[in-house]
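[1] sequence and predicted structure below; questions after.
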Amino acid sequence: MRVSLLLASPLIVLVVCCAPQSAQVPSDRSNSIESSRPVQPSAVSTSESVATNGPNNAAAGSDADLTRIWRAREAEGVGDFPLGPGDLISINCPDDDEFNNQYRISGTGTITLPLVGEVRLEGLTQQQAAASLQQQLKHYLRKPQITLLVTEYHSRQVGVFGAVAKPGVYSLSGPGNTVQDMISLAGGFTVDASPRVQFRPAELALEKKGKSEDGSSQTAVMPTLTMDDAQNAIVIDVEDKSERNFLVMPARPGDIINVAANGQVLVDGWVSKPGAYPISHDLKVLGAIAAAGGALYPAKKDHIKIIRKDNTGAEVLYVDIDRVQSGDATDLAVEDGDVIEVPVSAAKVVPYGVYQTALQLFRAGAYVAP
């Protein structure tokens, strides 16, 4: 009778005690995966093939948009930025103190001078604006001399938000400033920054909004991050060499840069501590499993499953962590919202059950011993 119970106990323990508790799936992962996105070629080792449906057109389209915008910005040259709504200028005219004052360019791109009236300055550089004002004053002064200085720039601003040291709105010092320069002005990436930079070029916003009813431009006086901007932004993966090059693209007034923060990864299955774990910088699958206490003995380490979901569908990847540890395969970087499933090996689960049963019997015997 004792022998029968001893032989049966591994199966009981296997079903009741040995299986790890499943981690709670976040709400955005609770829905069943309805579609499968093609897996792009990578260094990640796979233990079985995944059906493909064609190229990832979304990523290709984003790169094409950035390339088009970059070329257009370079074609503009490196001259000074034109004045725009919100800029504060200071005018000094030695011939007549009446004109000496500070003027804010209105939303229609004009200022109002004594005697002269409205003068349109939007779209002119600082030097062109001074020449235009000097020409206007010739009707009232014989040889007017004009000095024009820009004391505040509001039409040159770029919004930098998210996981940077000092989120906010920053003014461009010139057309040579790049996206990376603006991130640096904001203090650079924080420790919890992800490798994904959401970039909403000003051109895309202008293409969408067009012109106002009075014909004035839609220059972003104070760039702010909205939900619409975040959803329509182009994502730059700074860990991808080809995409990282876009950080040196010239920045322009009205651009919005949002550095996404690292989120969480869910590690489930045959690990010591299933659950959700924060994503640190450069966290990979092996590190995420280690954070969950490591894979248990019955785990099928050559078939670790990663489910990655985004707006285009779901991507399923497989990693052989035994080969990763031996240096024969490249590990996969973890992204926010990933689900890592550590499956069980049928060949290992029974011996593991026997071991756990023997361990529990030993502990119980040690507990009741006098």
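    Yes, it's here.

[2] okay, domains of this protein per the record?
    Domain segmentation of the chain under automatic domain parsing yields 2-54+263-359, 88-152, 156-261.

[3] all helices of this protein, in order?
    All helices of the chain, identified by DSSP state H, fall at 2-13, 57-75, 126-137, 179-185, 202-209, 227-232, 241-244, 285-291, 321-326, 346-368.

[4] so what does the fourth one touch, helix or strand wise?
    Packed against helix 179-185 by the contact rule (3 or more C-beta pairs under 8 Å, 6 or more residues apart in numbering; DSSP states H and E) you find strand 157-162, strand 193-200, strand 256-261. C-beta: built from backbone N, CA, C; applies to glycine.

[5] include distance to residue 128 when you put the ones you listed into TSV, please.
    What follows is the helices and strands packed on helix 179-185, written out as TSV (distance: least, C-beta to C-beta, whole Å):
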stretch	distance to residue 128
strand 157-162	21
strand 193-200	29
strand 256-261	28
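
[6] with mean pLDDT and mean neighbour count added, can I get those in a markdown table?
    Output for the helices and strands packed on helix 179-185, formatted as a markdown table (pLDDT from 0 to 100; neighbours: other C-beta atoms under 10 Å):
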| stretch | mean pLDDT | mean neighbour count |
| --- | --- | --- |
| strand 157-162 | 91 | 23 |
| strand 193-200 | 87 | 22 |
| strand 256-261 | 88 | 22 |
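
[7] can you say which of the ones you listed is nearest to residue 245?
    Set against residue 245 and scored by C-beta to C-beta, these come closest in strand 193-200, at 12.4 Å.

[8] now that closest one: how far from the chain's centre is it?
    Remark: strand 193-200 is offset 2 Å from the chain centroid, using C-alpha atoms, centre = their mean, to the nearest Å.

[9] residues near the nearest residue to residue 139 once chain neighbours are set aside, how many?
    Counting by C-beta to C-beta, 6 or more residues apart in numbering, residue 139 lies nearest to residue 116, which is 7.7 Å off, once chain neighbours are set aside. Close neighbours of residue 116, defined as other C-beta atoms under 10 Å, add up to 14.

[10] mind listing what residue 116 touches?
    136-137, 139-140 (C-beta atoms under 8 Å, 6 or more residues apart in numbering).

[11] how close does the residue nearest to residue 100 when sequence neighbours are not counted get to residue 136?
    With sequence-adjacent residues excluded and distances taken as C-beta to C-beta, 6+ apart, residue 100 is closest to residue 92, at 5.5 Å. Per C-beta to C-beta, to the nearest Å, residue 92 is found 15 Å from residue 136.

[12] which of these two has more neighbours?
    Higher neighbour count among residue 92 and residue 136: residue 136, with 16 against 13, using other C-beta under 10 Å.

[13] doesn't residue 113 make contact with that one?
    Yes: counting by C-beta atoms under 8 Å, a contact exists between residue 136 and residue 113, whose distance comes to 7.3 Å.

[14] so where is this protein shaky, pLDDT-wise?
    Scanning the chain for pLDDT under 70 picks out 1-61, 77-79, 205-232, 310-311, 349-350, 352-353, 355, 359, 361-370.

[15] repeat the analysis, applying 50 as the threshold.
    Where the chain drops to pLDDT under 50, the residues are 1-17, 24-43, 45-58, 211-221, 227, 367-369.

[16] identify all contacting residues around stretch 118-126.
    Outside stretch 118-126, the residues that touch it by C-beta under 8 Å, 6+ apart are 79-85, 89, 105, 108-113, 129, 132-133, 136, 148-150, 216-217.

[17] for that stretch, measure first residue to last.
    Stretch 118-126 has an end-to-end distance of 17 Å (criterion: C-alpha to C-alpha, to the nearest Å).

[18] which of the residues in it are buried?
    For stretch 118-126, a neighbour-count test (16 or more other C-beta atoms under 10 Å) marks 119, 121-122, 124, 126 as buried.

[19] next: stretch 181-194.
    Under the neighbour-count criterion of 16+ other C-beta under 10 Å, stretch 181-194 has 181-186, 189-190, 193-194 buried.

[20] swap in stretch 333-347?
    333-335, 337-344.

[21] same question for stretch 241-259.
    Neighbour counts using 16+ other C-beta under 10 Å place 243, 246-247, 249-259 of stretch 241-259 among the buried residues.

[22] wait, residue 269 touches residue 341, no?
    Yes: judged on C-beta under 8 Å, residue 269 makes contact with residue 341 at a distance of 4.9 Å.

[23] shared neighbours of those two, anything?
    Counting by C-beta under 8 Å, 6+ apart, nothing touches both residue 269 and residue 341.

[24] could you measure from residue 151 over to residue 80?
    Going from residue 151 to residue 80 by C-beta to C-beta gives 15 Å.

[25] ok, these two, which is more surrounded?
    Taking neighbours as other C-beta under 10 Å, residue 151 and residue 80 compare with residue 80 leading, 13 against 10.

[26] tell me the two of the contacts of residue 116 that are most distant?
    Checking the contacts of residue 116 with C-beta to C-beta, the most distant pair is 136 and 140, at 8.4 Å.

[27] contact partners for residue 163?
    Per C-beta under 8 Å, 6+ apart, neighbours of residue 163: 189-190, 192-194, 259-262.

[28] make JSON lines out of the residues you listed and add distance to residue 291.
    Shown next, in JSON lines, are these (distance: C-beta to C-beta, whole Å):
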{"residue": "189", "distance to residue 291": "22"}
{"residue": "190", "distance to residue 291": "20"}
{"residue": "192", "distance to residue 291": "15"}
{"residue": "193", "distance to residue 291": "19"}
{"residue": "194", "distance to residue 291": "17"}
{"residue": "259", "distance to residue 291": "23"}
{"residue": "260", "distance to residue 291": "20"}
{"residue": "261", "distance to residue 291": "18"}
{"residue": "262", "distance to residue 291": "13"}
